[in-house]
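>>> Got a predicted structure here, sequence first:
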Amino acid sequence: MTGRADLPSQEAMNPPVHATGDAARADRIEGVLLGAACGDALGVPYEFGSAPLAPDEPPRMIGGGLGPYEPGEWSDDTQMAVVIAGVAAAQGLRHVTALDAVVRGWVDWLDGGATDVGNQTRQVLREVGVGRGSPHAAERARLVSYSLHAQTGHTAGNGSLMRTAPVALAFLDDPAALAERSRAISGLTHADPLTGDACVLWCHAIRRAVLDGEMPELAELVAELPMERRDQWAAWIADAERRTPSTFAPNGYVVTALQAAWSAIRHPVGEGSPVVTSLVAAVHAGDDTDTVAAIAGALLGAAHGASSLPEEWLEAVHGWPGLRADDLRDLAARVADRGAEDAAAHRVPDELHEVAEHLVALGLGEGHHFLVEGRPVPGGRSSELIGLRKDDDGTYEVWYVGDRGAHRTLLETSEWSAARPRFVEEVARLGESRGDWRPPRRRWWRR
Ligand SMILES: [Mg+2]
């Protein structure tokens, strides 16, 4: 490789920020939270067999369940999602302080609003709550969740997937950040990589559904996952498309929960709109009915819009912290608006795209040897690499991350003419020292 690869067009590098003024799109944005809430409230009465449901009987929002819940009341799935959405609307989800705010919001919810709580989530938040007031709530949560995973090896519950939908709304205009943040927010309580995969997959599906106005092909989105698990996920998705939802019960495991939800979307039951018939199928999957229906509902609402939900459901749904359907509409719109503003402010500068393309053309691996902050790295990143970022104040930082997570700043400068050669040189040096890259010719490439 001696030439420089053709640079992608400006459009491809910086997709336009989508206006949320488009009415159909606004309807789909609202559909994400409302679809999830309706699925949740529809499944609540039947959770773990709380109420009988005959095979040909349509589920109804009659309340009861594990709560007991009022008719139309949503449960922990929507409650936890509302906490994420509240933070996303107020400050976006990009900064580490946003994740702290999410964890603090959950700890408060556990004390004051939680009607029921998943085991894994309860264990993590209880321990984090002991040190409440700490500014580093997210880091504490992450450490607790990872140590639980190390102790038990069983942390792949459906509890992070059930609440992930607002993350998709916060990053409609930034798929790279969507993948990273949905995994990070999952990891606040669930450390198993499969839970992060499921959240990445589902958030990308919701994003595509909102943008395109149709149900995406889930199997195509495995390209967003780390290479080593793509085939496995493709097989699980194919399985969900072949089999009916009830064959994925028990569905407390994140994989079977996702399969049950996707199977319900592909195997609707009875008469009515796709949203209604698929949510009916999701509840008939049995077991963790509210969670499977909440997961399915977010994606169904994203594809078909809030206007596709029956009026009687929209009138009935409500829940902690004292919200109704119109509040969720408003919240969803604010999350998407805030996300669009943030994406506009965090567009990857052209010069960073240029140097990344230059390194790729030299045979250096993006995500393997180097990372340019803000650019998507679908295959995940290796543990040792050279990073480059540009701050809001125009400062470039070149850094090194070692395989034990050690982060060392190599250069901070406002001069691109200094940052670019240093970055290229450090990336090439890493490739040479690891023995997995050789310069095409001496010297010239450093320029
Ligand atoms: Mg629930």
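In hand now; what should we look at?

>>> number of nearby residues for the one residue in the stretch 151-300 of the chain that gets nearest to the ion?
Residue nearest to the ion within the stretch 151-300 of the chain: residue 290 (4.3 Å; CB to the ion). Every C-beta, even on glycine, is put in place using the N, C-alpha and C of the backbone. By other CB atoms under 10 Å, 31 other residues sit near residue 290.

>>> same check, this time on residue 356
The number of residues packed near residue 356 is 23, by other CB under 10 Å.

>>> what's the distance between it and residue 223?
With distances taken as CB to CB, to the nearest Å, residue 356 is found 19 Å from residue 223.

>>> for residue 167, same thing?
19 Å.

>>> So these two - more neighbours on which side?
It is residue 167, of residue 167 and residue 223, that has more neighbours when counted by other CB under 10 Å, with 31 against 12.

>>> Chain neighbours aside, what residue packs nearest to that one?
Among residues not flanking residue 167 along the chain, residue 182 sits closest, at 4.6 Å (CB to CB, 6 or more residues apart in numbering).

>>> dump the residue contacts of the one you found.
164, 167, 168, 171, 196, 199, 200, 203 (CB atoms under 8 Å, 6 or more residues apart in numbering).

>>> Nearest to residue 383 among these?
Nearest to residue 383 among the contacts of residue 182, counting by CB to CB, is residue 196 at 16.0 Å.

>>> confidence score at the residue nearest the centre of the chain?
The residue lying closest to the centre of the chain (CA atoms, centre = their mean) is residue 182, at 2.9 Å. pLDDT, residue 182: 96.

>>> so which strand or helix has it?
helix 175-186 (DSSP states H and E).

>>> Could you chop the protein up by domain?
Using automatic domain parsing, the domain parsing of the chain gives 22-345, 348-446.

>>> Quick one: mean pLDDT for the last one?
Model confidence over domain 348-446, given as mean pLDDT, is 87.

>>> Right, and the ion sits closest to which residue of the stretch 101-250 of the chain?
Closest contact between the stretch 101-250 of the chain and the ion, by CB to the ion, is at residue 116 (5.9 Å).

>>> Wait, a helix at that residue?
No. Residue 116: not assigned to a helix; according to DSSP: H, G, I helix; E, B strand; the rest coil it is coil.

>>> what about it, neighbour count?
Neighbours around residue 116, by other CB under 10 Å: 16.

>>> Tell me the spacing between it and residue 264.
22 Å.

>>> now residue 71
Per CB to CB, residue 71 is found 22 Å from residue 264.

>>> Neighbour count: the two, which is higher?
For residue 71 versus residue 264, the count of surrounding residues by other CB under 10 Å is larger for residue 264: 31 against 15.

>>> So that one sits against residue 278, correct?
Yes. Using CB atoms under 8 Å, residue 264 is in contact with residue 278, at 5.0 Å.

>>> shared neighbours of these two, which are they?
Common neighbours of residue 264 and residue 278, counting by CB under 8 Å, 6+ apart, are residue 296.

>>> and the domains of the chain, which one's lowest on average pLDDT?
Looking at the domains of the chain, the bottom one is domain 348-446 with a mean of 87.

>>> And that domain, how far out from the chain middle?
On the basis of CA atoms, centre = their mean, to the nearest Å, domain 348-446 sits 26 Å off its chain's mean C-alpha point.
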